[in-house]
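A.B. asks: Okay, sequence plus prediction incoming.
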Amino acid sequence: MAIRKVGVVGVGTMGQGIAEMLAFKGLDVEILEKTPEQMKSSMQQIEHSLDKQIEKWALTQAEKKLVLSRIKPVDSLADMCDCEIIIETITEDLEAKKKIFEQLDEHCNPNVILASNTSTLSLTELASHTKSPERVVGMHFIYPAYKIDLVEIVRGLQTSDDTFNSIKHFVEDVINKKSVMVFESPGFITTRLICLFINEALHVLEEGVASAEDIDNAMRVGYSFQHGPFEMADRFGLDAVLAALDRMFREYGELKYRPSIVLKKMVRAGHLGVKTGIGFFKYDKDGDRT
């Protein structure tokens, strides 16, 4: 299947990065948000991201204009009917995602591949709300999507070989990223392991073994991590980390997934990381440490 146009439903932080990356790879991208105000904000954030890359000499003004020309805001899911792939990237809310998949199934052509960027929810359950569950698949991008060259391709119980192979081709040959195949399991590979890493770092902090700064430095310098566990959590969003741990705790029932009380306190205080300017560390409007 020739893939020329991709829809992105939900253009928050992850959706923005995915849309920007797809447009940079030469694809036409249709994006949808809840309200015109949110859509305007998302487009501004995408433009801001491109401007930051220009400042770092990673992009030219001409390339920025070309990328933006390929991104088209639309008003409804029905407007995405001619896309070959539609990627859902809304908040991790199962009921909200079910409604999206029901509507996509109703409005889109029967050959479109419906993908979800979910990290912990059941693809099989999402697929059960469509007439063709064999064309539902997971595409879990890693933040930031335009930088990280990995996509977890997740097979639900009824995902067909044709759907999987089409997405594998798309990931590896069209957008030139590496793929790993994952059978459906809460957290898949990356979310499951990285959240446990962050949660254990939180327990070390709780116990007074070391400060957040020193724990981050130990893992960053000692093991060549780009960011330590606390800065990772800040960049993912502490609310997202908490939600992922909560869901895995419910699904697996194992204490190792029970979120740290420190994490809960941070989220209750509204200290969510980069998105709010403060988490375990402080950040400026560009997401750089201050």
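C.D. replies: Right, received. Where do you want to start?
A.B. asks: Just give the nearest non-adjacent residue to M181, would you?
C.D. replies: I153 (5.4 Å; C-beta to C-beta, 6 or more residues apart in numbering). Yep, even glycine has a C-beta here, placed from its N, CA and C like the rest.
A.B. asks: next one: L59
C.D. replies: Q53 (4.0 Å).
A.B. asks: Within its local environment, how many residues does the one you found see?
C.D. replies: Residues near Q53, counting by other C-beta atoms under 10 Å, number 17.
A.B. asks: doesn't it fall inside a helix?
C.D. replies: Yes: Q53 forms part of a helix when assessed by DSSP: H, G, I helix; E, B strand; the rest coil.
A.B. asks: distance of it from G15?
C.D. replies: 18 Å (C-beta to C-beta, to the nearest Å).
A.B. asks: tell me the mean pLDDT over the one helix or strand D239 maps to?
C.D. replies: Following DSSP states H and E, one finds D239 within helix 238-252. Average pLDDT, helix 238-252: 95.
A.B. asks: Could I get the full set of helices for the stretch 101-250 of the chain?
C.D. replies: 123-127, 161-169, 190-206, 212-223, 229-236, 238-252 (DSSP state H, counting those that start in this stretch).
A.B. asks: quick one: low-confidence parts of this protein?
C.D. replies: 1 (pLDDT under 70).
A.B. asks: Quick test: name the residue nearest the centre of it.
C.D. replies: Central residue of the chain (C-alpha atoms, centre = their mean): M14, 4.3 Å from the mean position.
A.B. asks: Mind checking what secondary structure that one has?
C.D. replies: helix.
A.B. asks: distance of K168 from F280?
C.D. replies: 37 Å.
A.B. asks: My error: substitute D82 in the last question.
C.D. replies: 44 Å.
A.B. asks: Looking only at neighbour counts, state which of these two leads.
C.D. replies: F280 (25 against 13).
A.B. asks: For the more buried one, which non-adjacent residue is spatially closest?
C.D. replies: F230 (4.0 Å).
A.B. asks: for A96, same thing?
C.D. replies: In space, A96 is closest to I90, 5.9 Å off (C-beta to C-beta, 6+ apart).
A.B. asks: Kindly report the same for T191.
C.D. replies: Here the residue nearest T191, using C-beta to C-beta, 6+ apart, is S119, at 4.1 Å.
A.B. asks: Wait, that neighbour touches T89, no?
C.D. replies: No: between S119 and T89 there is no contact under C-beta atoms under 8 Å: 10.8 Å.
A.B. asks: Which one of the two is surrounded by more residues?
C.D. replies: For S119 versus T89, neighbours defined as other C-beta under 10 Å are more numerous around S119 (27 against 24).
A.B. asks: Now do the more buried one against E37, distance only.
C.D. replies: The separation that S119 has from E37, given C-beta to C-beta, amounts to 27 Å.
A.B. asks: got a list of what the residue nearest to M181 touches?
C.D. replies: 137-139, 164, 167-168, 171, 179-182 (C-beta atoms under 8 Å, 6 or more residues apart in numbering).
A.B. asks: Any idea what it is bridged to?
C.D. replies: Beta-bridge partners for I153, by DSSP bridges, are M139, M181.
A.B. asks: could you pull out the strands for the chain?
C.D. replies: Assigned strands in the chain, in chain order: 5-9, 28-32, 71-73, 85-88, 113-116, 136-141, 150-155, 178-183 (criterion: DSSP state E).
A.B. asks: Report all helices and strands that the last one contacts.
C.D. replies: Using 3 or more C-beta pairs under 8 Å, 6 or more residues apart in numbering; DSSP states H and E as the contact criterion, the elements in contact with strand 178-183 are strand 150-155, helix 161-169.
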